[in-house]
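*Asks:* Predicted model follows, preceded by the sequence.
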Amino acid sequence: MQVALGRSVSDEIQPGLHKVSKFLCGNTGLFLTNMPKEEVESLFNKYEDYDFARTGSTATEKVELPEGPLEQFTHEMEPFLRKQGMPVRLNKGVVELVSDFVVCEEGKPLSPESARILRLLGIKMATFKLHLICRWSAEDFELYREGLDESDVESA
């Protein structure tokens, strides 16, 4: 994509477009539209989606499971839950928590086991957002990300 847009002034397909191509690496994408600038900014600022947190993410709330039956899990899940560190047993074919169990604490990073348990419980703690990095039009180029400036673009 960088090559298609142009990596330098000499090979860019439109004036100033090589500045955009410098940011096309990693988890980035292009949003092509004829919408007004303010409408695009509003769209990106409002959009967020919730997803399951991954290992190392910070827990947004404390999740504690009380002692007793865990009706949402089948008996086949009992060995898996035990491997995740949960104090469980089978009682007449029903998975039962032997004692209260704290899955995660608010503000602390999630362990691999905690992340798996949260997914099984259907608890989404991660927020997916889109961040604008820059904007290009035939008239100008604008950088949105703080800490970056056009000298970074020129040297990249």
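*Replies:* Right, received. Where do you want to start?

*Asks:* where in the chain is pLDDT low?
*Replies:* Scanning the chain for pLDDT under 70 picks out the ranges 146-156.

*Asks:* for it, what spans make up the helices?
*Replies:* For the chain, the helices defined by DSSP state H occupy 2-5, 18-21, 37-46, 78-83, 112-121, 150-155.

*Asks:* among the ones you listed, which is the most enclosed?
*Replies:* helix 18-21 (a mean of 22; mean count of other Cβ atoms under 10 Å). Where you see a C-beta, it was placed from the backbone N, CA and C, and this is true even at glycine.

*Asks:* residues in contact with it?
*Replies:* Contacts of helix 18-21 with the rest of the structure, by Cβ atoms under 8 Å, 6 or more residues apart in numbering, involve 1-3, 5-9, 11-12, 30, 134, 136, 141, 150, 153.

*Asks:* measure the residue lying farthest from the centre of the chain to Glu142 for me?
*Replies:* Relative to the centre of the chain, the most outlying C-alpha is that of Lys92, 40.0 Å out, by Cα atoms, centre = their mean. Taking Cβ to Cβ, to the nearest Å as the measure, Lys92 falls 65 Å from Glu142.

*Asks:* beta partners for Val102?
*Replies:* Beta-bridge pairing for Val102 (DSSP bridges): Glu64.

*Asks:* which residues sit in contact with the most centrally placed residue in the chain?
*Replies:* Nearest to the geometric centre of the chain sits Phe128, at 4.3 Å (Cα atoms, centre = their mean). By Cβ under 8 Å, 6+ apart, the residues touching Phe128 are Glu48, Asp49, Tyr50, Asp51.
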